[in-house]
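[1] sharing a sequence plus its predicted fold:
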Amino acid sequence: MSAEAQLWKKITKKAEDVVEKKLEKKTEEETGKAMDTILGNDGGTRPSGSTGGGTSSGNNSGNSSTTNDGSSVTETTTVEMYKKSDWIPGETLILFDDFVNDPVGDFPQLWNTKGSGELVTLSDNPEVKWLKLYNDTWYEPDLPKDLPKDFTVEFDVRTFNINNDNTSQTAGFWVYFGDGKKPLQIGRRYVSSYFSPYQSWVKEQYLKSIDYEGAGELAAGKTNKDIRAAFKEGMHVAISVKGKRYRMYVNGEKFFDAPRAVNDSENFGSILFDTYGLGDDQSILITNLRVAEGLPEPREKLFKTGSYSTTAITFDYNSAQLKPEAYGILKQIAEAINSESNKKVLIVGHTDSDGSETYNQELSERRAESVKKALVSDFGVPEARLGTQGKGETVPVASNDSAINKAKNRRTEFIIQ
């Protein structure tokens, strides 16, 4: 009877723990919804791509819904890699900001603006912070140095309260690279991309490059590709400048490829975001700004030095789910490994120090496994040649005191065995 009593006590305790966890989860969800209402962001949807520690429409946790009879149904979505894209992010981080060190409600400390803005969270993923851009306002992140001749810029962007019947045809969102001579001004030379959030019909997206003291207009182009749903629900924008060449991608699809859009006699010194034509209750949100230089060289580094480490393989926030934009660098790594068929490679995952040491260890192991799975299933690397290991937060390459340093620590390492 004593053994039965002890067993019953354990069962009762386990049931109580389950109930407590469910109550905690429900409380957390309700708190998130309440905060969204306070910040004016209720009703947001999950974005469709991102960098660094951000979000993606692809996830393994599933979304719960309720049927007419009250039963619960779990819908699971999967990430679609950018398999037809030639996008490859820069290797060495210049700037990364996911606003991790800034409180919700404040304007981020490493940015400047002519107007106003604030950090908000959304109920579909309350751990991710977004910079809420207001109408007819300029925003500029602080760059530690002028941009190099070759660089890439990535960020996630989405809209709030944009629909078919409330958006002006003049509404727009611009990304500029300026001369950096004066704060919040594009200056005497710039190159820009324009995105329209207008929902009633497809509007054109624009590319423009101007050098007022040089050759005048260097490039001007437009495309009428449909980005209405992507902009409303969330899209990943990626831009590459390589010498004179300017490329721009949305969710891995190339929109512009202008071979002589940039006067490369001097470097750009600023990145600016601008909005126009939005209503008082409308806004554009951005997060996970990643600026990097230098093209990855996995084959050169891996087989000459015996190891290769990269921050370009990115995952969803607190997840082992690979982001679609990681495809380009994974493809190059697979080609490097397949070129040396007699060598085995150990994949090592690393995290920053946010969260517990135990959690980060487990997360780094799962991320290494995700990389291995992608290399095997998508690129044909023999599984027997790949091993995995996680080191969590135990081997940092930078302090964990800023967003960019945390991004440097969130890396994947490949080691010849």
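    Done, it's in.
[2] make it CA atoms for all contacts and neighbour counts henceforth
    OK.
[3] quick one: the helices in the protein?
    2-39, 228-233, 298-305, 327-339, 357-379, 403-409 (DSSP state H).
[4] elements contacting the second one?
    The one in question is helix 228-233. strand 150-160 (3 or more CA pairs under 8 Å, 6 or more residues apart in numbering; DSSP states H and E).
[5] strands paired with the strand it packs on, and their directions?
    According to DSSP bridges, strand 150-160 forms sheet pairs with strand 235-242 (antiparallel), strand 283-293 (antiparallel).
[6] right, and those strands - which one's nearest residue 367?
    Among these, strand 283-293 comes nearest to residue 367, with 19.1 Å by CA to CA.
[7] and the closest one, C-alpha only, in PDB?
    Extracted in PDB, the C-alpha atoms of strand 283-293 (Å, rounded to 0.1, in the frame of the first residue of the first chain):
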ATOM      1  CA  SER A 283       3.000  51.900 -39.900                       C
ATOM      2  CA  ILE A 284       5.900  49.900 -41.300                       C
ATOM      3  CA  LEU A 285       7.900  47.700 -39.000                       C
ATOM      4  CA  ILE A 286      11.500  46.500 -39.500                       C
ATOM      5  CA  THR A 287      13.900  44.300 -37.500                       C
ATOM      6  CA  ASN A 288      17.000  42.100 -37.800                       C
ATOM      7  CA  LEU A 289      19.100  44.600 -39.700                       C
ATOM      8  CA  ARG A 290      22.300  42.700 -40.800                       C
ATOM      9  CA  VAL A 291      25.100  44.600 -42.600                       C
ATOM     10  CA  ALA A 292      28.200  42.600 -43.600                       C
ATOM     11  CA  GLU A 293      31.200  42.700 -46.000                       C
END
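[8] list the contacts of residue 239.
    152-154, 246-249 (CA atoms under 8 Å, 6 or more residues apart in numbering).
[9] related to what we said a few turns ago, any chance of the strands paired with strand 150-160 in CSV with mean pLDDT and distance to residue 408 as columns?
    Output for these, formatted as CSV (pLDDT from 0 to 100; distance: least, CA to CA, whole Å):
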stretch, mean pLDDT, distance to residue 408
strand 235-242, 97, 19
strand 283-293, 97, 11
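[10] save those strands as JSON lines, and put in distance to residue 161 too.
    Shown next, in JSON lines, are the strands paired with strand 150-160 (distance: least, CA to CA, whole Å):
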{"stretch": "strand 235-242", "distance to residue 161": "16"}
{"stretch": "strand 283-293", "distance to residue 161": "7"}
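[11] so for residue 300, which of those strands sits nearest?
    Closest of the strands paired with strand 150-160 to residue 300 is strand 283-293, at 17.1 Å (criterion: CA to CA).
[12] quick one: distance of that closest one to the chain centre.
    On the basis of CA atoms, centre = their mean, to the nearest Å, strand 283-293 sits 7 Å off its chain's mean C-alpha point.
[13] and for stretch 181-197?
    Distance of stretch 181-197 from the chain centroid (CA atoms, centre = their mean) equals 22 Å.
[14] leaving out sequence neighbours, find the closest residue to residue 253.
    Distance criterion CA to CA, 6 or more residues apart in numbering; nearest residue to residue 253, sequence neighbours excluded, is residue 85 at 6.2 Å.
[15] picking up where we left off before, of all the strands paired with strand 150-160, which one is nearest residue 344?
    Judging the strands paired with strand 150-160 by CA to CA, what sits closest to residue 344 is strand 283-293, at 29.1 Å.
[16] ok so, going back, who wins for neighbours among the contacts of residue 239?
    residue 152 (28 neighbours; other CA atoms under 10 Å).
[17] burial check on the closest residue to that residue other than its chain neighbours, number of neighbours?
    Counting by CA to CA, 6+ apart, residue 152 lies nearest to residue 240, which is 4.4 Å off, once chain neighbours are set aside. For residue 240, the neighbour count with other CA under 10 Å is 23.
[18] from residue 258, how far out is residue 240?
    11 Å (CA to CA, to the nearest Å).
[19] what is in contact with the two at once?
    By CA under 8 Å, 6+ apart, the residues touching both residue 240 and residue 258 are 246-247.
[20] related to what we said a few turns ago, and the residue nearest to residue 253, its phi and psi?
    When read as degrees, to the nearest 10, the backbone of residue 85 gives phi -100, psi 150.
[21] where does it land on pLDDT?
    Looking at residue 85, its pLDDT reads 89.
[22] that older thread, which strand residues bridge the residue nearest to residue 152?
    Assigned bridge partners for residue 240, using DSSP bridges, are residue 152, residue 247.
[23] contacting residues for it?
    So residue 240 contacts 150-153, 246-248 (CA under 8 Å, 6+ apart).
[24] is it possible to export the residues you listed to JSON lines including distance to residue 390 and pLDDT?
    Formatted as JSON lines, the contacts of residue 240 follow (distance: CA to CA, whole Å; pLDDT from 0 to 100):
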{"residue": "150", "distance to residue 390": "32", "pLDDT": "96"}
{"residue": "151", "distance to residue 390": "30", "pLDDT": "97"}
{"residue": "152", "distance to residue 390": "28", "pLDDT": "98"}
{"residue": "153", "distance to residue 390": "29", "pLDDT": "98"}
{"residue": "246", "distance to residue 390": "37", "pLDDT": "96"}
{"residue": "247", "distance to residue 390": "35", "pLDDT": "97"}
{"residue": "248", "distance to residue 390": "34", "pLDDT": "97"}
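[25] can you add distance to residue 202 and give those residues back as CSV?
    Listed next are the contacts of residue 240 as CSV, based on distance: CA to CA, whole Å:
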residue, distance to residue 202
150, 32
151, 30
152, 27
153, 25
246, 24
247, 21
248, 19
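[26] gap between residue 116 and residue 137?
    7 Å.
[27] look at residue 50 and report its pLDDT.
    On pLDDT, residue 50 comes in at 33.
[28] can you count the residues close to residue 281?
    Neighbour tally, residue 281, other CA under 10 Å: 13.
[29] hmm, back to that, pull the most distant pair out of the contacts of residue 239.
    Farthest pair in these, by CA to CA: 154 and 246, 13.6 Å.
[30] so residue 331 touches residue 379, yeah?
    Yes: counting by CA atoms under 8 Å, residue 331 touches residue 379, with 6.8 Å between them.
[31] quick revisit: count the residues that sit near the residue nearest to residue 253.
    16.
[32] surely it meets residue 254?
    Yes: the criterion here is CA under 8 Å, and residue 85 meets it with residue 254 at 7.4 Å.
[33] contacting residues around residue 167?
    197-199, 278-279.
[34] need the max-distance pair from those.
    The farthest-apart pair in these, when distances are taken by CA to CA, is 199 and 279, at 13.9 Å.
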